[in-house]
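Engineer: Sharing a model prediction with you, sequence too.
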Amino acid sequence: MKDHYQLLIIGGGPAGLAAATIASSKGVTCALLDEQPAPGGQIYRSIESVPEKRAEKLGTEYLRGKELASAFRACEAEYFPETRVWSLSSQREVGVLHKGKSKIISADQILVASGAMERPVPFPGWTLPGVMQAGAGQILFKSSGIVPSDGVVLAGSGPLLLLLAWQYMNVGVEIKAILDVTPLSNHLLALPKLPRALLAHHYLTKGLIYQRDLKRAGVNTKIGASLLQAEGDDCLDTIRYRHFGREHTIKTDLLLTHFGVIPQIALTQAVGCKHQWDDSQQCWRPEHDEWGSTSIDGIIVAGDGAGINGARSAEHAGRLAGLQALFALGVISQIERDQQSIEDRQWMKDERHIRPFLEAYFAVPQTMLATTNNETIICRCEEITAGQIRKAVESGHQDSNHVKFLTRCGMGACQGRQCSNAVAHIVADSGGQAISEQSHFRGRPPVTPLTLMQLADLNEEESL
Amino acid sequence: MFKQLSNSTVETVEVTLNGQKIHVSQGMTVAAAALTQGLHFTRTTPISNSKRLPFCMMGVCYDCLMVIDGKANQRACVTYIKKGMQIETQQGVGPSLGETE
């Protein structure tokens, strides 16, 4: 690993891979830092090593990652797998942890392609062993062919729930139920956005095919389920929910939940990029222009880490960011940048058609985002409940960061990644504010764990 | 809770999980191995001593912290199995904060 690169890319998902491929083709020194052992990101995880049979069961969208990964492997960019980025400064210095050693390297342009994570939505019992996120189930399937052995309940809202159910069905996993918590009122709110979504009808068609296949297989889907609760002494045993005014229970040892995805903003926050609340996507995201340029010079974002637009968009946004970096480095002119990006910009626009509909249709109900069940644990690490947060607000702490100081919520091992949004929602709700007026927990480096020894070794003259 | 679909092409390696020697597929994460071995919990919390298993499997929830090769607080979901690895359930904050390699 060199001390300096013209372009440094953080993240090996579709955006990072596409950016590295296009930028390195123009001869700039470029490195891609990836937390994972192989290219693909979460969406195309294990794409290079997946056995053919398993890949078939996962569907054609997943296979698309193959081309991206092989183009990247053929390009000149240096690749550093299993490499963690623990800090990022506005002077474009990057703290890296590679093979157990830490190092600070610098770059002229930095692309943060950090991708998305599952939106954490707290509900009673969500910390019990046996309650996991749907993304976790999919990662186990993609990377190791691991699937539920004694059936599974899927609950929440969003396209991934349907896709995962379909993928499980393909390998004969028993799906005990799909509990769709999207309220029926969402359907009405999404209706005006349907005509535009029809321009991207292939997505809708795919969703309908999944639904049809699941129905044919006799999978029990409850639309408009509410008051989801996971119960059990030391591990999950029963799921309780309401449906059309009646309470139901299901016995299961595994519940996979999904409430949409949100950008991973730990790094863009640590560097101090301006962020904004996106009402439609129900999350914070870094502010950026069409090319991914943020409020800080030389820091670019692309892919779902910049705002949720999906894997296909990420690929195009990655190329736009790559071209923007080349322009900023003086390698190509503005006219060249604009001309070479025409197709990608058109693709981005086309890909966007479906989003407003999906966002409205799968919007997580406010009653779940800002739970009024005071017993519910919000901060999984420090085990702070909704009641403790509401109490803090009542005693005059009307800002998430104040609540954090007072209660320690968000100060545990995950550094607030799991509770930041929920705390902001609850604080806003308790204080009668809009969520957009609330602040996200401040994020500071190191954004990923680092031992004192690793920090102390920083200046060791050892080549990585 | 979980099972691995048969895949005879992948080699297995021997690791030690809570003192027991087990064989798991190469390329698996420690968390994936713990789940397929049917572990009921991979850590207890330092606050209430409650049991936890992996939650996100992508390194963002920190609920899969385990003691790996004597080092506490390792995210099992982003740590890959290596031959001879010693994996243990973590109790609370773990035995010690460990040392760097």
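Structural biologist: Received the coordinates, thanks.
Engineer: ok now do B:Gly38, which residues does it touch?
Structural biologist: Going by C-beta atoms under 8 Å, 6 or more residues apart in numbering or on different chains, B:Gly38 touches B:Met1. All C-beta spots, glycine's among them, are computed from the backbone N, C-alpha and C.
Engineer: Can you tell me how far it is from A:Gln282?
Structural biologist: 36 Å (C-beta to C-beta, to the nearest Å).
Engineer: Same check on A:Tyr62?
Structural biologist: Taking C-beta to C-beta, one finds A:Tyr62 at 26 Å from A:Gln282.
Engineer: same check, this time on A:Leu323
Structural biologist: 30 Å.
Engineer: Of the two, give the one with the bigger neighbour count.
Structural biologist: Ranked by neighbour count (other C-beta atoms under 10 Å in any protein chain shown), A:Leu323 and A:Gln282 place A:Leu323 first, with 25 against 22.
Engineer: any idea which element the more buried one lies in?
Structural biologist: Element membership for A:Leu323, per DSSP states H and E: helix A:311-328.
Engineer: pLDDT averaged over that helix, what's the number?
Structural biologist: What helix A:311-328 shows for mean pLDDT is 97.
Engineer: chain center to that helix, what's the gap?
Structural biologist: Put simply, helix A:311-328 sits 19 Å off its chain's centre (C-alpha atoms, centre = their mean, to the nearest Å).
Engineer: Just after that helix, pick out the following helix or strand.
Structural biologist: Next element after helix A:311-328 (DSSP H and E): helix A:334-340.
Engineer: That following helix - contacts with which helices or strands?
Structural biologist: helix A:311-328 (3 or more C-beta pairs under 8 Å, 6 or more residues apart in numbering or on different chains; DSSP states H and E).
Engineer: And the helix it packs on, what's buried?
Structural biologist: A:311-328 (16 or more other C-beta atoms under 10 Å in any protein chain shown).
Engineer: what's it packed up against?
Structural biologist: Judged by 3+ C-beta pairs under 8 Å, 6+ apart, helix A:311-328 is in contact with strand A:4-10, helix A:14-24, strand A:101-112, strand A:299-301, helix A:334-340, helix A:342-352.
Engineer: Mind giving me the packing neighbours of the second one?
Structural biologist: Packed against helix A:14-24, as judged by 3+ C-beta pairs under 8 Å, 6+ apart, are the following elements: strand A:4-10, strand A:30-33, helix A:65-74, strand A:101-112, helix A:311-328.
Engineer: again, only using 6 Å
Structural biologist: Helices and strands touching helix A:14-24, by 3 or more C-beta pairs under 6 Å, 6 or more residues apart in numbering or on different chains; DSSP states H and E, are strand A:4-10, strand A:30-33, helix A:65-74, helix A:311-328.
Engineer: What of the longest one?
Structural biologist: The contact analysis (3+ C-beta pairs under 6 Å, 6+ apart) places strand A:101-112 against strand A:4-10, strand A:93-98, strand A:299-301, helix A:311-328.
Engineer: what sits up against the last one?
Structural biologist: Residues external to helix A:311-328 that are found in contact with it (C-beta atoms under 6 Å, 6 or more residues apart in numbering or on different chains): A:7, A:14-15, A:18-19, A:22-23, A:26, A:43, A:109, A:111, A:291-292, A:300, A:302-304, A:332, A:337, A:340-341, A:344, A:347-348, A:351.
Engineer: What residue spans form the domains of chain A?
Structural biologist: The record's domain parsing of chain A by automatic domain parsing lists A:4-117+A:262-332, A:120-259, A:370-437.
Engineer: can you redo the ones you listed as a markdown table with distance to B:Ser6?
Structural biologist: Output for the domains of chain A, formatted as a markdown table (distance: least, C-beta to C-beta, whole Å):
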| stretch | distance to B:Ser6 |
| --- | --- |
| domain A:4-117+A:262-332 | 10 |
| domain A:120-259 | 8 |
| domain A:370-437 | 34 |
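Engineer: Nearest to B:Met66, out of those?
Structural biologist: domain A:370-437 (12.4 Å; C-beta to C-beta).
Engineer: is chain B contacted by the closest one?
Structural biologist: Yes: for domain A:370-437, a contact with chain B is found by C-beta under 6 Å from any C-beta of the partner chain, at A:Glu383, A:Ala413, A:Cys414, A:Arg417, A:Gln418.
Engineer: how many neighbours does the fourth one have?
Structural biologist: Using other C-beta under 10 Å, A:Arg417 is surrounded by 26 other residues.
Engineer: Tell me who's in contact with it.
Structural biologist: Residues near A:Arg417 by C-beta under 6 Å, 6+ apart: B:Val60.
Engineer: Tell me if I'm right that B:Glu11 and B:Gln26 touch.
Structural biologist: Yes: using C-beta atoms under 6 Å, B:Glu11 is in contact with B:Gln26, at 4.8 Å.
Engineer: Between the two, point out the one with more neighbours.
Structural biologist: A side-by-side neighbour count of B:Glu11 and B:Gln26, using other C-beta under 10 Å, places B:Gln26 first with 12 against 9.
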